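Engineer: Below: sequence and its predicted model.
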Amino acid sequence: MGKPSIEELREQTRGAIITPDDEGYDEARRVHNGMFDRRPKVVVRAEQVSDVVAAVRFARERSLAIAIRGGGHSAPGFGTVDGGLVIDLSPMRTIRVDPKTRTARAGPGANWGDFNAATHAFGLATTGGIVSTTGIAGLTLGGGIGYLSRKYGLTCDNLISADVVTADGEILVASEDSNPDLFWALRGGGGNFGVVTSFEYQLHPVDMVYAGPIFYEVEHARALFELYREFIQDAPEEFGGFPAWHIAPPLPFIPEERHGDTFVAAIVHWAGPLEEAEKVLKPFRDVAPIVAEHVGPLPYPALNGAFDALFPKGIRSYWKGNFAKELPDEAIDVHLRHGPKVPTASATMHLYPINGACHRVAPTETAFAYREASFAPVFMAAWSDPAEDAERIRWVRDYYQATAPFSLAGGYVNFMADDDHGKVQTNYRQNYDRLAEVKRAYDPDNVFHLNQNIVPMPRTGRGLRPRAAGSKPTEVRARREPRPSRRREV
Ligand SMILES: Cc1cc2nc3c(=O)[nH]c(=O)nc-3n(C[C@H](O)[C@H](O)[C@H](O)COP(=O)(O)OP(=O)(O)OC[C@H]3O[C@@H](n4cnc5c(N)ncnc54)[C@H](O)[C@@H]3O)c2cc1C
């Protein structure tokens, strides 16, 4: 039998199959980060699980690298690939909420805007990203940090089960009771283990919140960081805000003459009783004179869309992230040195808090390794003009590197850039070997390698060589392992 043709793939799938000869190819190959202009051989717009199975089998029979795309927000552009096959899950975005059990089942192509709108109708939510266009899939699989993390844990802590298409094209359920090793790895281990075709989440009663940005003059940044350092240690867990640097966008609540000026900001978010909000947030009102603010009661999904306009699809971007346990004076000095040089309105440092509920999960309970960290800073810049690449990237790198002496060795995998592949083991630390074993059990040939790649644990001394993301498969092949017994379920 010869290799299957594109026509045969078309016959096997309900979703569109888009090749370079087809209309819409240029749009179909694009991901969020405009720095990755790649040309896949074929894009499969999966509409159902069987499309995913057909796509995985087709790619394997044709030895095509597979890029899995949920929301397409990956900073290193993992949702596309030169000369390979993209499984674009965006058509699979149905969300069903069960208000009785306070759970939701969501398709892997949904983004946080879709998800929050669906759950908000029931006065429910779970921890999700702060930009509405980010995909639930990649964010959940890498961990998931958001306004609700301190109260309800990381997004992956709220994952109850996932349906997964493996590298063999098998369909499995991963949960505490079914393939628990796979379920463990999915909660932080990224897209290494298969294509997730459905996510089941725990929801919580979150309806109206009290939130928004407060802008202060840069000269008050030290006072803000010092306040935040103390406040966040034992702040009520319903508080989920963070300090940030921002060049003021032209928004009506900011005096027009200050548009384009640089500020230090507190993005405050209170998901507790609204009548308590002003009391809890008072320290942020008192810490320094306020230049502009837009804080008040609003539906939970509203703030989730507030930053969207700063990060349109196709904008170029570069990211770094690390973790920190504490925020010593010297670390604050670094923030004060680099933050005010923030180069554009679409660049920032957000110092996300990940204590509270995130600390109540043990470091080996899920693949997310750094449960003792209290802060997950992200350093990122986005811009449009390629001529600005070097300057924007330099700001991110310099700032990130200057914080290194006050940070833990690893960082959040979802904040890693294209050049962070060498950090994968450090980012998973004590969990890396177990992840490599699970990888060997479910994807021994490293079919799913366009991600923060976990290399399958070699059976003996000779095994798979680490493969850089985007590179061709290595010749070295691990011998096929007998798998741990797994129930086959649909
Ligand atoms: C503007 C912006 C804001 C962000 N804000 C936050 C935030 O608030 N909190 C936070 O934690 N992170 C945030 N992130 C980072 C975000 O978590 C990662 O970029 C994440 O990977 C995005 O997921 P995605 O599905 O959109 O991306 P994609 O590029 O589609 O996928 C990312 C990775 O996940 C894999 N993957 C995707 N879908 C599947 C699937 N169904 N099965 C298996 N593997 C899959 C892909 O192969 C890839 O390796 C933000 C990113 C951006 C660009």
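Structural biologist: It's in.
Engineer: What is the burial count for the residue in the stretch 151-300 of the chain that the ligand sits nearest to?
Structural biologist: When you check the stretch 151-300 of the chain against the ligand by C-beta to the nearest ligand atom, the closest residue turns out to be Gly191, at 2.6 Å. All C-beta atoms are positioned from the backbone trio N, CA, C, and that covers glycine. When neighbours are defined as other C-beta atoms under 10 Å, Gly191 has 26 of them.
Engineer: Over to Phe183?
Structural biologist: A count of neighbours around Phe183, defined by other C-beta under 10 Å, yields 24.
Engineer: Is the spatially closest residue to it that is not a sequence neighbour bridged to anything, and to what?
Structural biologist: Take Phe183 and drop its neighbours on the chain: the residue closest to it by C-beta to C-beta, 6 or more residues apart in numbering is Ala174, 4.0 Å away. On DSSP bridges, the residues paired with Ala174 through beta bridges are Ala162.
Engineer: contacting residues around Ala174?
Structural biologist: Ser161, Ala162, Asp163, Val164, Pro180, Leu182, Phe183, Leu186 (C-beta atoms under 8 Å, 6 or more residues apart in numbering).
Engineer: so the fourth one sits in a strand?
Structural biologist: Yes - membership of Val164 in a strand is supported by DSSP: H, G, I helix; E, B strand; the rest coil.
Engineer: count of neighbours near it?
Structural biologist: The local packing of Val164 (other C-beta under 10 Å) involves 23 other residues.
Engineer: wait, it sits on Thr197?
Structural biologist: Yes - here Val164 reaches Thr197: they are 7.1 Å apart, a contact under C-beta atoms under 8 Å.
Engineer: Overlap of the contact sets of the two?
Structural biologist: With contacts taken as C-beta under 8 Å, 6+ apart, Val164 and Thr197 have Ile171 as neighbours in common.
Engineer: quick one on the thing from earlier: would you mind measuring from the residue nearest to Phe183 to Thr119?
Structural biologist: With distances taken as C-beta to C-beta, to the nearest Å, Ala174 is found 22 Å from Thr119.
Engineer: Confirm that Ala55 sits in a helix.
Structural biologist: Yes - the secondary structure assignment for Ala55 places it in a helix, going by three-state DSSP.
Engineer: OK, contacts around it?
Structural biologist: Listed by C-beta under 8 Å, 6+ apart, the contact partners of Ala55 are Leu9, Thr13, Val44, Ala46, Ile66, Leu85, Ile87.
Engineer: If we ignore the residues flanking it in sequence, what's nearest the third one?
Structural biologist: If the residues on either side of it in the chain are set aside, Val44 comes closest to Ala55, at 4.2 Å by C-beta to C-beta, 6+ apart.
Engineer: and the residue nearest the centre of the chain, helix, strand or coil?
Structural biologist: The centre of the chain sits closest to Leu139, judged by C-alpha atoms, centre = their mean, with a distance of 3.0 Å. On the three-state scheme (three-state DSSP), Leu139 is labelled helix.
Engineer: Specify the local secondary structure of the nearest residue to it once chain neighbours are set aside.
Structural biologist: Here the nearest residue to Leu139 in space, its sequence neighbours aside, is Gly129; by C-beta to C-beta, 6+ apart that works out to 5.0 Å. Assigned with three-state DSSP, Gly129 falls in the coil class.
Engineer: Now do the contacts for Gly129.
Structural biologist: The contact partners of Gly129, by C-beta under 8 Å, 6+ apart, come to Trp112, Leu139, Gly144, Ile145, Gly146, Thr155, Asn304.
Engineer: and those, which of them are in helices?
Structural biologist: Among the contacts of Gly129, the ones falling in helices (DSSP state H) are Trp112, Leu139, Asn304.
Engineer: What's the local residue count around the residue lying closest to the last one once chain neighbours are set aside?
Structural biologist: Okay, so that is Asn304. In this structure, Asn304 finds its nearest non-sequential neighbour in Ser132, 5.0 Å apart by C-beta to C-beta, 6+ apart. If you count neighbours by other C-beta under 10 Å, Ser132 ends up with 22.
Engineer: so how far is Arg30 from Phe36?
Structural biologist: When distances are taken as C-beta to C-beta, Phe36 and Arg30 turn out to be 9 Å apart.
Engineer: More neighbours: the two, which one.
Structural biologist: For Phe36 versus Arg30, neighbours defined as other C-beta under 10 Å are more numerous around Phe36 (22 against 18).
Engineer: so where does the more buried one fall, helix or strand?
Structural biologist: Under the criterion of DSSP states H and E, Phe36 resides outside all helices and strands.
Engineer: Please name the residues that touch it.
Structural biologist: Taking C-beta under 8 Å, 6+ apart as the definition, contacts of Phe36 comprise Pro76, Gly77, Thr80.
Engineer: ok, and the closest non-adjacent residue to the residue of the stretch 151-300 of the chain closest to the ligand?
Structural biologist: Ranked by C-beta to C-beta, 6+ apart and with sequence neighbours excluded, the top spatial neighbour of Gly191 is Asn451, at 4.4 Å.
Engineer: again with Val342
Structural biologist: Nearest residue to Val342 in three dimensions, chain neighbours excluded: Trp245, at 4.3 Å (C-beta to C-beta, 6+ apart).
Engineer: Just the pLDDT at the closest residue to the ligand within the stretch 251-400 of the chain, thanks.
Structural biologist: Using C-beta to the nearest ligand atom, Phe311 is the residue of the stretch 251-400 of the chain that sits closest to the ligand, at 3.9 Å. Phe311 is assigned a pLDDT of 92 by the prediction.
Engineer: Hmm, it is touching Ile130, no?
Structural biologist: No - with the criterion set as C-beta under 8 Å, Phe311 and Ile130 do not qualify as a contacting pair; they are 10.4 Å apart.
Engineer: which of these two has more neighbours?
Structural biologist: Neighbours were tallied for Phe311 and for Ile130 using other C-beta under 10 Å; the higher tally belongs to Ile130 (22 against 18).
Engineer: Can you name the residues that contact that one?
Structural biologist: Contacts for Ile130 were tallied using C-beta under 8 Å, 6+ apart; they are Gly146, Tyr147, Leu303, Asn304, Phe307, His350.
Engineer: ok, and of these, which contact the ligand?
Structural biologist: Applying C-beta under 6 Å from any ligand atom to the contacts of Ile130, one finds that Gly146 fall near the ligand.
Engineer: Between the contacts of Ile130, which sits nearest Arg96?
Structural biologist: Proximity of the contacts of Ile130 to Arg96, judged by C-beta to C-beta, is greatest for Asn304, which lies at 19.9 Å.
Engineer: how close does that closest one sit to Ile17?
Structural biologist: Plainly put, Asn304 is 33 Å away from Ile17 if you go by C-beta to C-beta.
Engineer: Looking at the two, which one has more neighbours?
Structural biologist: Neighbours of Asn304 and Ile17, each counted by other C-beta under 10 Å, are more numerous for Asn304; the result is 28 against 22.
Engineer: which helices and strands sit right next to the helix or strand of the chain with the lowest mean pLDDT?
Structural biologist: Counting by mean pLDDT, DSSP states H and E, the chain has its least confident helix or strand at helix 300-304, which shows a mean of 92. Where contact means 3 or more C-beta pairs under 8 Å, 6 or more residues apart in numbering; DSSP states H and E, helix 300-304 is packed against helix 112-120, strand 208-216.
Engineer: So Val44, which state does it fall into?
Structural biologist: Note that with three-state DSSP, the state of Val44 is strand.
Engineer: Double-check it against Ile87; I have them as touching.
Structural biologist: Yes - taking C-beta under 8 Å as the contact criterion, Val44 and Ile87 are neighbours in contact, 5.4 Å apart.
Engineer: which bits of the protein sit near the ligand?
Structural biologist: Counting by C-beta under 6 Å from any ligand atom, the residues of the chain near the ligand are 32, 68-75, 78-79, 89, 108, 129-131, 134-135, 137-139, 141-142, 144-146, 190-191, 195-196, 311, 414, 450-451.
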